[in-house]
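Peer 1: Give me coordinates for this.
(4 chains)
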Protein chains: 4
Amino acid sequence: MSKLKVGIVGGSGYAGGEFLRLALGHPNLEVTQVTSERNAGDPITFVHPNLRGRTNLKFRRMADLEPVDVLVLALPHGNAAKRFSQFAGLADTIIDLSADFRIKDLDLYKKYYDEDHPAPDLIDQWVYGNPELHREELKGAKRIACAGCFATSAILALYPLLKLGVPQPKDIIVTGLVGSSAAGASATDASHHPERDNSYRVYSATGHRHYAELHQELPGNFPIHLTAIAGPHVRGILTTAQLWIPDGYSERDVWGAFREVYGSEPFIRIVKVRKGIHRYPDPKLVSGTNYCDIGFEIDQDSGRVVVMSAIDNLVKGTAGHAIQSLNIAQGWEETLGLEFAGLHP
Amino acid sequence: MSKLKVGIVGGSGYAGGEFLRLALGHPNLEVTQVTSERNAGDPITFVHPNLRGRTNLKFRRMADLEPVDVLVLALPHGNAAKRFSQFAGLADTIIDLSADFRIKDLDLYKKYYDEDHPAPDLIDQWVYGNPELHREELKGAKRIACAGCFATSAILALYPLLKLGVPQPKDIIVTGLVGSSAAGASATDASHHPERDNSYRVYSATGHRHYAELHQELPGNFPIHLTAIAGPHVRGILTTAQLWIPDGYSERDVWGAFREVYGSEPFIRIVKVRKGIHRYPDPKLVSGTNYCDIGFEIDQDSGRVVVMSAIDNLVKGTAGHAIQSLNIAQGWEETLGLEFAGLHP
Amino acid sequence: MSKLKVGIVGGSGYAGGEFLRLALGHPNLEVTQVTSERNAGDPITFVHPNLRGRTNLKFRRMADLEPVDVLVLALPHGNAAKRFSQFAGLADTIIDLSADFRIKDLDLYKKYYDEDHPAPDLIDQWVYGNPELHREELKGAKRIACAGCFATSAILALYPLLKLGVPQPKDIIVTGLVGSSAAGASATDASHHPERDNSYRVYSATGHRHYAELHQELPGNFPIHLTAIAGPHVRGILTTAQLWIPDGYSERDVWGAFREVYGSEPFIRIVKVRKGIHRYPDPKLVSGTNYCDIGFEIDQDSGRVVVMSAIDNLVKGTAGHAIQSLNIAQGWEETLGLEFAGLHP
Amino acid sequence: MSKLKVGIVGGSGYAGGEFLRLALGHPNLEVTQVTSERNAGDPITFVHPNLRGRTNLKFRRMADLEPVDVLVLALPHGNAAKRFSQFAGLADTIIDLSADFRIKDLDLYKKYYDEDHPAPDLIDQWVYGNPELHREELKGAKRIACAGCFATSAILALYPLLKLGVPQPKDIIVTGLVGSSAAGASATDASHHPERDNSYRVYSATGHRHYAELHQELPGNFPIHLTAIAGPHVRGILTTAQLWIPDGYSERDVWGAFREVYGSEPFIRIVKVRKGIHRYPDPKLVSGTNYCDIGFEIDQDSGRVVVMSAIDNLVKGTAGHAIQSLNIAQGWEETLGLEFAGLHP
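Peer 2: Below is the predicted model of the structure:
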């Protein structure tokens, strides 16, 4: 089979760079173009030094894009929608890593993104890029709007119990610990190393935008509340979700729920071990991988279930599930290009 | 005034070492004895190298303790109670940094500490060492049972709204991020640097022992749930508490509540800034200090209030509020020996 | 081709675990046995949680080893040599990750390892496992004694100029910054996270054992001095080597030397960029990979050349060059199983 | 005694902020003005949140400065000299934290700062602010040019043996590990947390500007070479200096040299312990303090002495020795305002 040609728009950021890393190791993909207005003319490895020896590509301007098979948009939010006509003619398959086409409900979009959707007519073309929830729709998809990183960690934690209709008598509280890479590649006061190192900042106590994705994707319409904290690490999200089980619902039942929903998922691992130091999901252990590790613990006194999930925000939260979604869309083995097992320690 | 003579039992651990550091800088205290069975005979600075040039004391054995004015017990949980008769004759004032005498309710103690209380007759002598809640009782106190570190961060976050009787229609969820120093000075597999660095572990999703302290200390008897996560930092706890306000209760009202309850507290700072990168409490900024920084954010749609608190677990969570409590007990200026402002960056 | 069966002795440590990770992803290898006395009976993933979903193997005792094609010894120094008769019958090819068979000179061994060599008759069977210096000898080799990690970073930095006979009028000073994983998987006071985090310790100002390897491997017999510092990171070594060039020797000449010696090496990248933030080797960028990045800077006033090298101590410093050496020994593509590009950021 | 009034010019940076922190805790100083063009009008605590509850001062513009007793210049290099006429009339005592007036030799200045000195006539008024080398000159000084941070760590390591005339037959190599705070408070690509975290960058392999200070301050005019590496920590410099002792010069002699030169220094601690994990200087242990810890190890085979020093670059490397120098200048107790012992762990 000849390889599909891939172009990456906005390839100097972390999302685009991560897609590039994964695509360079994918047997069915060939990256032929990567854009960066700021770094046009520079070798890609000037920005992504991990790829030294792996590619000789140079950044080009967006204006110089030529047709490819797959175009990946890794632009700041708003750009994919506003410039979509420019991109639509360039590729049969378009993958957007931004939030632009994730939300189907225009009011919900407006509430969380503070403006009217720039291209409402286009929204219906897009499949929400979460393979575990939308595998069937992704088959053959030509427009994939990849899920947000914190949204992915929260949705994958909450989905099994809600999908199986476990009633939620009390509000669901979700707390996420997010690494600094999630804020992007541009230096800011908040990301200045002397300030960020060793620091924890509650950057979104309430009102996190990814709530819109949870609202759209999760069954049951239960009250869910998000709090997001920026931690001192670079990659990874640890999410704890506080849910509820009814009287008589045992640990075995929760195990059963997770097995039923995720039993055949290639990138979800149920992590719940009785002893040792690796008893529950830890973002350190999925760094660089497409895994979402999920565990849970039950407080039988109150019926509270703490579901924990760990992902790498740039992989399973962004570029990895983009590749996974593309593999599904093309009918390829779902794990192609996503084989990295992660490091220990 | 002549200085009070201080002995520290269990001074090679982090809690004892921190009390020692603070006591060495306290104008009214003179540390004369520090015990460590393991390090007896070694200079104290062998274990606490920050104190080089500050003290020439050597560790001695517990068996060699001589009478002092103030005896500080920094022993593993259970030891203070079990060996109390040994300590009682040595000092007029005894401060215990362990959990042994914090809990007044014997059943509650048994549930969370998995054994009958070793010295139930002694419990009533002790004042719970949280200055903000027990200042009056601490005046003149001779037995101070210092509050737990995670408990302190949670109680100080929850106290104002609950004390003022703000009704809680929904369960309260508390999530704590705790540094590695909270687990003590003994090397374990879990604390091995290659494993712990860059790692987040939910070490107590449910059933945290400090719940007993919240149950005892907080008004209202509302359902409260704790989840504790070990983060990759050394010192500090960031706690987020999800509480609720009724319709019509404004941000101004919450400000008012915190001001009313904490307005004259020397070590509580309300941190809530509209701009910049230091908008809310961050444990980095209180490292080494006795401050508890507290902030909040309201989700008006749901009446959810996210209260955040940040402390240094070894200072405001352990040795610092021990000193603060002692200052109160002795009728001294409450901030004596606790003047360090903290570092930035 | 049928896969070679691999057994790993001492597989609960970091070196053995890293070999296991790489071997599981190697198309020509099948790991069939992994030993750990301490963890016998436990799933391998209990110790190496990154391998969840990749292997169902359980640890077995050394006494239960069965014959394989390749036996990898990842034991504390001294064990491979002392128990060699036990291992010799089990496999055609044996790879030792310890220091036991690296040093050919018995006096040198005794000086740096403080005992007579336990098996002097066996030393000549072994090839020193540094592919860049011993590629020809490694072809067909059945006994491979893999080079030490700090030694590898230092030797690869120093080799080109010394091999090409650039005279060294002054002593060569080598300083290494080594991550905590290099000290192994056993928890110690020195590796206790609260102590090690954020700390720099000169653990070997003089007398580093790996000097023996430099003495043996490097041409010219110039005075070389090593200082090793433990840094607050987990993986990686950054080495700076202070060498000298004669008058008239230009930057171009040094470029030429590195190109001549390493121009066709698959895992050495010369990193020397004029602008940007990634101008020189950084161990962060080779984490998890088999790369050794090498750069240099010249002080024309003094003829000093600072050569910098960066490796992952567990990969290019241990398990990675073991795999690379095995690939060479077997006549396979040298990069098999070593394709991971590393992460950014 | 009435307190001296202090103004800080450029108080939003890390050096100015650190001087402010120390001055606020100094019994003889009262900070009355702090300037920041960028933050004029903002409370100081907006930038330095550690000082919440310690000061209500707001930043003002430089143009609004009023006369004070002591003016501290914490401006980017070049500004103090270029604008000196503006500052000279404002205060009797002026302390400059920049490099502007450190170097007496105009050619040396030009070589390392790439321009002619902007105010050569003023240089002779200034005393180089290193208390250990210039205590006598500092007494009564009105113009103090504080030493550079890396220079301080290197000079204090090298000074004893060179001052005592120990001959240096071979070149001296100095390697420094410098934290991110040394690069200042402005966010840059190089300081972006995802890039800097866990990273080691040789930012000055050769040609470090602080060489000019070593050249000026150290006796003997021996060849000295500097290499500086940016480490993943925030505060602190660990310096290793490779010196030489003649045959017959014993460890006892080196001990004697350090004791002779530093025996009565209030802020230098000789750290050399035979056992335990804190055997040598570690910048972690002096964080926030004015200590310079110094240790050494001898390689008797070669006569090499590795001298190690650890300082906090913002304290003993900048604002701390500024306070110490001011204390000396004013005839006060040298340790006033510098009592913080540092933290462990």
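
Peer 1: Pull the contacting residues for A:Lys58.
Peer 2: Contact analysis of A:Lys58 by CB atoms under 8 Å, 6 or more residues apart in numbering or on different chains lists A:Gly41, A:Asp42, A:Pro43, A:Ile44. In short, each C-beta sits where N, CA and C put it, glycine included.

Peer 1: All the strands of chain A, in order from the start?
Peer 2: Counting by DSSP state E, chain A has these strands, from start to end: A:4-9, A:29-35, A:59-60, A:68-73, A:91-96, A:127-129, A:143-146, A:172-178, A:201-204, A:224-230, A:237-244, A:268-270, A:292-299, A:304-311.

Peer 1: Tell me which strands the first one pairs with, and in which orientation.
Peer 2: It stands for strand A:4-9. strand A:29-35 (parallel), strand A:68-73 (parallel) (DSSP bridges).

Peer 1: Need the contact partners of the longest one.
Peer 2: Strand A:29-35 is contacted by residues A:3-11, A:16, A:20, A:23-24, A:44, A:55, A:57, A:59-62, A:64-66, A:68, A:70, A:337 when judged by CB under 8 Å, 6+ apart.

Peer 1: how far does it sit from the chain's center?
Peer 2: Here strand A:29-35 is found 21 Å from its chain centre; the criterion is CA atoms, centre = their mean, to the nearest Å.

Peer 1: So what's the model's average confidence on that strand?
Peer 2: Strand A:29-35 shows a mean pLDDT of 98.

Peer 1: Mind listing what's buried along that strand?
Peer 2: A:Leu29, A:Glu30, A:Val31, A:Thr32, A:Gln33, A:Val34, A:Thr35 (16 or more other CB atoms under 10 Å in any protein chain shown).

Peer 1: Okay, and the beta partners of A:Arg269?
Peer 2: Taking DSSP bridges as the rule, A:Arg269 bridges to A:Asp293.

Peer 1: any idea how far chain B is from it?
Peer 2: A:Arg269 sits 16 Å away from chain B, going by CB to the nearest CB, to the nearest Å.

Peer 1: domain parsing for chain A?
Peer 2: As given by automatic domain parsing, the domain ranges for chain A are A:4-147+A:316-330, A:150-313.

Peer 1: Distance to C:Pro194 for those - can I get that in a markdown table?
Peer 2: Shown next, in a markdown table, are the domains of chain A (distance: least, CB to CB, whole Å):
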| stretch | distance to C:Pro194 |
| --- | --- |
| domain A:4-147+A:316-330 | 30 |
| domain A:150-313 | 13 |
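
Peer 1: To B:Glu136, which of those lies closest?
Peer 2: For those, distance to B:Glu136 was read as CB to CB. The smallest value, 33.0 Å, belongs to domain A:150-313.

Peer 1: Check the average confidence over that closest one, would you?
Peer 2: 97.

Peer 1: Quote the end-to-end distance of that domain.
Peer 2: 7 Å (CA to CA, to the nearest Å).

Peer 1: Might one say that A:Pro232 is in contact with B:Leu238?
Peer 2: No. Between A:Pro232 and B:Leu238 there is no contact under CB atoms under 8 Å: 10.9 Å.

Peer 1: what's near enough to touch A:Pro219?
Peer 2: A:Pro219 sits in contact with A:Leu162, A:Lys163, A:Gly165, where contact means CB under 8 Å, 6+ apart.

Peer 1: Please identify which of those is nearest to chain B.
Peer 2: A:Leu162 (17.8 Å; CB to the nearest CB).

Peer 1: Please report the number of neighbouring residues for that closest one.
Peer 2: Using other CB atoms under 10 Å in any protein chain shown, A:Leu162 has 23 neighbouring residues.

Peer 1: Please enumerate the helices of chain A.
Peer 2: Assigned by DSSP state H, the helices in chain A fall at A:14-24, A:44-47, A:79-82, A:84-88, A:106-113, A:131-138, A:149-163, A:193-196, A:211-217, A:251-262, A:320-330.

Peer 1: Would you mind measuring from the residue nearest to A:Val261 when sequence neighbours are not counted to D:Leu4?
Peer 2: The spatially closest residue to A:Val261, leaving aside those adjacent along the chain, is A:Pro160, at 4.0 Å (CB to CB, 6 or more residues apart in numbering or on different chains). Per CB to CB, to the nearest Å, A:Pro160 is found 67 Å from D:Leu4.

Peer 1: distance of A:Lys58 from A:Ser12?
Peer 2: Per CB to CB, A:Lys58 is found 12 Å from A:Ser12.

Peer 1: wouldn't the residue nearest to A:Val261 be in contact with A:Gly263 here?
Peer 2: No. In this structure, A:Pro160 is not within contact of A:Gly263 by CB under 8 Å, at 10.3 Å.

Peer 1: Which of those two has more residues huddled nearby?
Peer 2: Neighbours of A:Pro160 and A:Gly263, each counted by other CB under 10 Å, are more numerous for A:Pro160; the result is 24 against 10.

Peer 1: List the residues that contact that one.
Peer 2: A:Pro160 sits in contact with A:Ala257, A:Phe258, A:Glu260, A:Val261, A:Tyr262, where contact means CB under 8 Å, 6+ apart.

Peer 1: From those, list just the buried residues.
Peer 2: A:Ala257, A:Phe258, A:Val261, A:Tyr262.

Peer 1: now those residues in CSV, with distance to A:Glu251?
Peer 2: Conversion of those to CSV gives the following (distance: CB to CB, whole Å):
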residue, distance to A:Glu251
A:Ala257, 11
A:Phe258, 11
A:Val261, 16
A:Tyr262, 16
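
Peer 1: beta partners of A:Thr35?
Peer 2: Assessed by DSSP bridges, A:Thr35 has beta-bridge partners A:Arg60.

Peer 1: count of neighbours near A:Asp247?
Peer 2: 6.

Peer 1: Once you drop chain neighbours, what's closest to it?
Peer 2: In space, A:Asp247 comes closest to A:Gly303 once its chain neighbours are excluded; the distance is 6.8 Å by CB to CB, 6+ apart.

Peer 1: before we move on, what about A:Gly89?
Peer 2: Nearest non-adjacent residue to A:Gly89 (CB to CB, 6+ apart): A:Pro67, at 7.7 Å.

Peer 1: Give the closest residue to A:Ala257 in space, chain neighbours not counted.
Peer 2: The shortest distance from A:Ala257 to any non-neighbouring residue, by CB to CB, 6+ apart, is to A:Pro160 (4.7 Å).

Peer 1: Distance-wise, check that neighbour relative to A:Gly184.
Peer 2: Between A:Pro160 and A:Gly184 the computed distance is 31 Å (CB to CB).
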